[in-house]
Structures are given as structure tokens and as C-alpha cells.
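Enquirer: Sequence and predicted model, in that order:
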Amino acid sequence: MRKFFGLAGVVATALFVSQASAQSVTIATFSDPAEDASTPLFELDGSTFTGGWDGTGLDLVTPYISGVHPDATFEMTPLTYDGAFGLSGGTIEFFDSSASLVFQIDFLSATLVQPFVFGASEFRAQDVTFSGPAAGPMPLMLEQFSFGFANMVMTPTGATWTSAFTSSARVVPEPASLLLLIGGAAVMAARRRPA
């Protein structure tokens, strides 16, 4: 019985250490590619919220994998707006200039933050999962992203915005590092046991 609790303690310690050693990193980001409000990235039209960019000038920077993708594009599945700043879930895909997938975001819901006032507004999502080459080789946790809106233009059925973007996550140590942590915790536990 004591061996079991000793092993459970080692595993719990290793998991704690692995989470504590996880680093927060920027996964992907871009500055607003629109020159002015005439080329918006997002539109609210009644109960439908859409977004995307298929022009030039969007440089998707992926610092986690040390990459820059000039003239990138993105598309988002149309979302349903509930009239009270809530949005349904969906998928956002980023592509390089050759139309190859660079980064994908899946989310279960989202929120428009102050979309109808002067100044900056935001689009933030909940229950987020990153995938694709920009997400890197190691497991991620606490994925999050937001679009910072600008250049709002009211329309008869909603509004349009241009936008910048950023995303981040905590990188979990790769399995080899985790095994070293577990091994170290086991050695520490064995040394503390009385002879």
C-alpha cells in the first residue's frame, strides 16, 4: 500500500512539475492588414457573424515555430450571433500564400466585447484548440486567441470591422523531458525513505 501512495506521489509531483514548467508562448499573430474601413475582415449582418481575409498584406507571424507567412489568408465558418454579444462556435483556418494550411483554431463559443462603441472592440473565444504546423510539435494547453477590432462601420443590419490578431498557449514539455522529471521525482522519493 505504501508503494502505491509513493508512486502516486511521484506521478502527482511529475505532473505538477510539468505544468509548472510549461511556458506561455505566442503561437501566431498579425497586424491589421486593412488600409482602411473599406476592406473589413469581419461583418455582423443580422444574426450572422462572418470573417476572413483573401487579399494581400496580411503577414502571419508564427514565433513559436519561427516563421513569417507573407500574404496569408484566413477564413472562418459563419457564426450565429445571439443579440447579446454571444457567438456560436466554429473554426478559423489560416493559409500561406500557396493556400497551404498553416494554423487552425477550433472553438466552442465566442464573445463580442463592446462591439458597438467607439474605440477598440474584441472577439474572444472559449474552449479553444489549436492545430496545424504553427501549433508546433509539443502538446499545448490553455490555448487562447483574440481579434482586436478597429475601423468600425455601422451598417443597416450590423457592423463591419478591420482587425489585428494574436494567439497564445502554454507549451507542455515533450515526453522525454516528462520522463526525466518523473525519474528525478522517483529518485527524490527513494532518497527520502528511511532505511
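Expert: Looks like it arrived, so ask away.
Enquirer: mind listing the helices for this protein?
Expert: 2-20, 175-192 (DSSP state H).
Enquirer: okay, and for the chain, where does confidence drop off?
Expert: Within the chain, the segments meeting pLDDT under 70 span 1-21, 114-120, 174-195.
Enquirer: Now do the strands in it.
Expert: Taking DSSP state E, the strands of the chain run over residues 23-30, 42-45, 48-53, 60-62, 67-69, 73-76, 79-80, 86-95, 101-113, 121-131, 140-155, 158-171.
Enquirer: In a markdown table, list these along with mean neighbour count and distance to Asp36.
Expert: C-betas here are computed from N, CA, C, even on glycine. Formatted as a markdown table, these follow (neighbours: other Cβ atoms under 10 Å; distance: least, Cβ to Cβ, whole Å):
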| stretch | mean neighbour count | distance to Asp36 |
| --- | --- | --- |
| strand 23-30 | 18 | 17 |
| strand 42-45 | 20 | 15 |
| strand 48-53 | 19 | 14 |
| strand 60-62 | 23 | 21 |
| strand 67-69 | 17 | 23 |
| strand 73-76 | 19 | 19 |
| strand 79-80 | 18 | 25 |
| strand 86-95 | 18 | 23 |
| strand 101-113 | 19 | 22 |
| strand 121-131 | 18 | 17 |
| strand 140-155 | 18 | 6 |
| strand 158-171 | 21 | 8 |
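Enquirer: and Ser168, what is it in contact with?
Expert: 24-27, 143-145 (Cβ atoms under 8 Å, 6 or more residues apart in numbering).
Enquirer: Repeat the analysis, applying 7 Å as the threshold.
Expert: 24-27, 144 (Cβ atoms under 7 Å, 6 or more residues apart in numbering).
Enquirer: Show me the two of these that sit farthest apart.
Expert: Largest separation among the contacts of Ser168 by Cβ to Cβ: Val25 and Gln144, giving 11.8 Å.
Enquirer: quick one: the closest residue to Val172 other than its chain neighbours from Thr129, how far?
Expert: With sequence-adjacent residues excluded and distances taken as Cβ to Cβ, 6 or more residues apart in numbering, Val172 is closest to Pro139, at 4.2 Å. Distance, Pro139 to Thr129, using Cβ to Cβ, to the nearest Å: 11 Å.
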